[in-house]
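> how would this look folded up:
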Amino acid sequence: MNDHHTRALHFHSLHVPGEPLVLVNAWDAASARIVAAAGARAVATTSAGVAWSLGAPDGDALGRDAAVDLVRRVVAAVPLPVTADIESGYGDTADEVAGTIAAVIAAGAVGVNVEDARHGGATPLREVDDQCDRLAAVRSAADRAGIPLFVNARVDTFLRGAGGIAETVARARAYLAAGADGVFVPGTVDPGTLAALVEAIPAPLNVLAGPGAPPVPELAKLGVARVSLGSSVAQAAYAVARRAAEEALAAGTYDALADAVDYGTLNGLMRG
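The predicted model follows:
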């Protein structure tokens, strides 16, 4: 069994309901090393943060090659399992999504998020059968590569206002039958809703947390298995850049930079 295979199996083992895996999403090698140095058990990328850092908007606008190259850089930067947010798969067809998965696995990732949102078009979400075909292609590509990839099926019902608990559960169960290992439901942190989802979905539940969400221990009590911070960390970092720019250009002062990470610390992290 090679190291990649071992890391993938280990990543699966980290998804325990009631003992959630906390993922502070990174968007480049430096942010990944900062997260790892803080004691993370795994590193996840944020598709939005990655896209922004590479000059593209979020929402299937970034090209596959650029996205995969970033995954490769993050994998090389940290000694931890890395799971990649690949939006809806960087492909119009199931076969193209399978090609993305082969490339992401070759880059060293042990997991992926695949969303069912549709960017553009008449409906906010893909048809269930279409998404199941895409997830089945993901599973097949991983099997061909010989890596037990953790496939996290993102259900955007709450995020897009396209359904409640019943629609979310129906989609989740269909996606699991198509080959997913876990289910990611961003857009709600209501305790009652999360408890109902945990009860009805026979797989690890991933939620998107941030300011205003219940703390991790409370999410653990609800049975959540994975907590992601998503793009919010990148957004907070860019907020510092905006405040510093506005302050320096308007007032000519530099107070926004007062809590910066020390140069030597960052440089040391990048030396490995």
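> what is the burial count for the residue nearest to residue 210 when sequence neighbours are not counted?
Distances taken as Cβ to Cβ, 6 or more residues apart in numbering put residue 232 closest to residue 210, at 4.5 Å, once the chain neighbours are dropped. Placement of C-beta: from N, CA and C, glycine included. By other Cβ atoms under 10 Å, 19 other residues sit near residue 232.
> residue 232 contacts residue 212, doesn't it?
No. Counting by Cβ atoms under 8 Å, residue 232 does not reach residue 212; the two are 10.8 Å apart.
> ok so, going back, need phi/psi at the residue nearest to residue 210.
phi -60, psi -30 (degrees, to the nearest 10).
> again with residue 26
Residue 26 adopts backbone torsions of phi -110, psi 160, taken as degrees, to the nearest 10.
> in three-state terms, label the residue nearest to it when sequence neighbours are not counted for me.
What sits nearest to residue 26 in space, not counting adjacent residues and going by Cβ to Cβ, 6+ apart, is residue 32, at 4.0 Å. Following DSSP: H, G, I helix; E, B strand; the rest coil, residue 32 is assigned to helix.
> show me the contacts for residue 32.
26, 43, 74, 77, 78, 82 (Cβ atoms under 8 Å, 6 or more residues apart in numbering).
> I'd like to know how many residues surround the first one.
Residues contacting residue 26 under the criterion other Cβ under 10 Å number 28.
> for it, name its beta-bridge partners.
Taking DSSP bridges, one finds residue 45 as the beta-bridge partners of residue 26.
> for it, give me its contacts.
32, 34, 35, 43, 44, 45, 46, 49, 74, 233.
> so residue 61 belongs to a helix, correct?
No. Looking at residue 61 with three-state DSSP, it is coil, so not inside a helix.
> elements contacting the helix or strand containing residue 243?
Using DSSP states H and E, residue 243 sits within helix 232-250. Packed against helix 232-250 by the contact rule (3 or more Cβ pairs under 8 Å, 6 or more residues apart in numbering; DSSP states H and E) you find helix 29-37, helix 47-53.
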